[in-house]
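Participant: Sharing a model that was predicted from the sequence below.
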Amino acid sequence: METFLAAADALGRNPHLGQEQPDIVRPPYRLLRLRGFPYVLAYDPSRNPPVIARVLHGARDLAEALKSL
């Protein structure tokens, strides 16, 4: 839980911290991998504060899981 909260805090301070990956999720969404954990945050950096839309296990088919965004 602390890692997730730290990531959310970091995104609040630096919304473009994650990576654009248009082959997985369409803009403006970005992905941020949680260091030390197999999870990925999909978030919208264009909102103030940034909105975390999904938290997914990295082993999933991310493109399929995020196609509704």
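Facilitator: Received the coordinates, thanks.
Participant: By mean pLDDT, which helix or strand of this structure comes out lowest?
Facilitator: Ranked by mean pLDDT, DSSP states H and E, the weakest helix or strand in the chain is helix 2-13, scoring a mean of 94.
Participant: Show me the contact partners of that one.
Facilitator: For helix 2-13, the surrounding residues in contact (C-beta atoms under 8 Å, 6 or more residues apart in numbering) are 17-18, 32, 34-37, 39, 41, 43, 45, 49-50, 52, 55. The C-beta positions use only the backbone N, C-alpha and C, and glycine is treated the same way.
Participant: Flag every buried residue along it.
Facilitator: For helix 2-13, a neighbour-count test (16 or more other C-beta atoms under 10 Å) marks 7, 11 as buried.
Participant: what about residue 20, how many neighbours?
Facilitator: Residue 20 has 15 neighbours, counted by other C-beta atoms under 10 Å.
Participant: Neighbours of the closest residue to it other than its chain neighbours, how many?
Facilitator: Of all residues not flanking residue 20 in the chain, residue 30 sits nearest, at 5.6 Å (C-beta to C-beta, 6 or more residues apart in numbering). Neighbour count of residue 30, defined by other C-beta under 10 Å: 21.
Participant: Tell me if I'm right that residue 30 and residue 21 touch.
Facilitator: Yes: using C-beta atoms under 8 Å, residue 30 is in contact with residue 21, at 7.5 Å.
Participant: OK, contacts around residue 32?
Facilitator: 7, 11, 17-19, 40-41, 43.
Participant: List the residues that contact residue 37.
Facilitator: Contacts of residue 37 (C-beta under 8 Å, 6+ apart): residue 3.
Participant: Where does it fall, secondary structure wise?
Facilitator: If you go by DSSP states H and E, residue 37 is not part of any helix or strand.
Participant: can you check the one 10 residues further on too?
Facilitator: Residue 47 is located outside every helix and strand, with elements delineated by DSSP H and E.
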